[in-house]
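no sequence for this one, just the structure:
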């Protein structure tokens, strides 16, 4: 099982980044996908989620209207489009796969997003 994130990096405030998460080794379309983020010394924070079929999405209040999450089940990919980035969005971002009806879950390795001028 692997979840491999990419697309992070350095961006100026107000800029955009798109994070990607490539999944392998499990039945992707059975899994709810979520993005989390974590700052040093703080708890991991839920950012966004999408249902297994991509039909429903939800977002934390802090990112609503700026971030968009979507998935491509054919390519086994999930994305987080981040616009209007702020200093407080700078964190390590993780994708998570959660199996429907069970507690089985997988995490990616994390991807650093830095927002700085």
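Now that the structure is in, tell me what you want to look at. This is a predicted model, so every value here is computed, not measured.

now stretch 76-86: buried residues?
Across stretch 76-86, burial judged by 16 or more other CB atoms under 10 Å covers 76-80, 82, 85. Where you see a C-beta, it was placed from the backbone N, CA and C, and this is true even at glycine.

nearest residue to the middle of this structure?
residue 35 (2.9 Å; CA atoms, centre = their mean).

ok, the residue lying closest to it once chain neighbours are set aside - contacts?
In space, and not counting its chain neighbours, residue 35 is closest to residue 47: 4.4 Å by CB to CB, 6 or more residues apart in numbering. For residue 47, the contacting residues are 34-37, 59-60, 63, 67, 80, 93, by CB atoms under 8 Å, 6 or more residues apart in numbering.

pick out the most distant pair among the residues you listed.
59 and 93 (13.8 Å; CB to CB).

so which of those two has more stuff around it?
residue 93 (24 against 18; other CB atoms under 10 Å).

my read: the more buried one touches residue 39, true?
No - with contact defined as CB atoms under 8 Å, residue 93 does not reach residue 39; the gap is 10.8 Å.

re earlier: which stretch of helix or strand covers the residue nearest to residue 35?
For residue 47, the host element (DSSP states H and E) is strand 45-50.

ramachandran angles for residue 61?
Per-residue torsions, residue 61: phi -60, psi -30 (degrees, to the nearest 10).

state the number of residues packed around it.
6.

how far away is it from residue 86?
14 Å (CB to CB, to the nearest Å).

let me have the buried residues of stretch 76-86 in JSON lines, extended by distance to residue 109 and secondary structure.
Converted to JSON lines, these look like this (distance: CB to CB, whole Å; DSSP: H, G, I helix; E, B strand; the rest coil):
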{"residue": "76", "distance to residue 109": "17", "secondary structure": "coil"}
{"residue": "77", "distance to residue 109": "16", "secondary structure": "strand"}
{"residue": "78", "distance to residue 109": "15", "secondary structure": "strand"}
{"residue": "79", "distance to residue 109": "17", "secondary structure": "strand"}
{"residue": "80", "distance to residue 109": "15", "secondary structure": "strand"}
{"residue": "82", "distance to residue 109": "19", "secondary structure": "strand"}
{"residue": "85", "distance to residue 109": "21", "secondary structure": "coil"}
